[in-house]
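Visitor: Just to be clear, the model below is a prediction. Sequence and coordinates:
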Amino acid sequence: MPLGPTCPCCHARVPFRRTQIGVGKAFICRNCGTPLVMSRWQSFLIAFPIIAVYMIVRPALRSMDLAFWLLSLVMVAAVAGMSWLFMKPQPVESDKAEAG
Ligand SMILES: [Zn+2]
C-alpha cells in the first residue's frame, strides 16, 4: 500500500497539497474524475493532538528562542506530514454536499 492519500475509486495518488490546503472543499480526481473531498473532521483529529502538545510545551520554551522556533517548525512539519499520511479523501456524496 503506497504512503499518502489515494483516490478511493482508482487508487491514484492525491496531490500533497490537497491534504494541506482546501480541506473540506471538493476536488476532482485527475485520474478517474471522481469528485473527492478531504474530511475537515479527519484533519481536526490529526492536527489537534499535535497542536495540543505544542500549546503545552510552548510556554516552557518561551525563554529559549532557538528551541521555541525549532518546536514551531517541528509542529508545522508534523501536522503537514501526519495529514499527508493519514488523511483519506472521500467521494463527494451529493446529499451530504456542504453549502459553502
Ligand atoms: Zn480516482
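Guide: Arrived safely, thanks for sending. Everything quoted here is computed from the prediction, not taken from an experiment.
Visitor: Which residue ranges of this structure form strands?
Guide: Assigned by DSSP state E, the chain shows strands spanning 26-28, 35-38, 89-91.
Visitor: Turn those into TSV, including distance to the ion, mean pLDDT and mean neighbour count.
Guide: Using the backbone N, CA and C atoms, a C-beta is placed for each residue, glycine as well. Shown next, in TSV, are the strands of the chain (distance: least, C-beta to the ion, whole Å; pLDDT from 0 to 100; neighbours: other C-beta atoms under 10 Å):
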stretch	distance to the ion	mean pLDDT	mean neighbour count
strand 26-28	9	93	15
strand 35-38	7	94	20
strand 89-91	9	93	17
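Visitor: Need those strands in CSV (columns: distance to Leu66).
Guide: Below are the strands of the chain laid out as CSV (distance: least, C-beta to C-beta, whole Å):
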stretch, distance to Leu66
strand 26-28, 39
strand 35-38, 34
strand 89-91, 38
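Visitor: quick one: the residue of the chain most remote from its centre and Phe48, what's the gap?
Guide: No residue in the chain sits farther from the centre than Ser63, which is 30.5 Å out by C-alpha atoms, centre = their mean. Per C-beta to C-beta, to the nearest Å, Ser63 is found 26 Å from Phe48.
Visitor: again with Leu3
Guide: 22 Å.
Visitor: Spatially central residue in the chain, please.
Guide: With distances taken as C-alpha atoms, centre = their mean, Ser83 lies nearest the centre of the chain, 3.2 Å away.
Visitor: That residue touches Arg17, doesn't it?
Guide: No: counting by C-beta atoms under 8 Å, Ser83 sits too far from Arg17 to count as a contact (10.6 Å).
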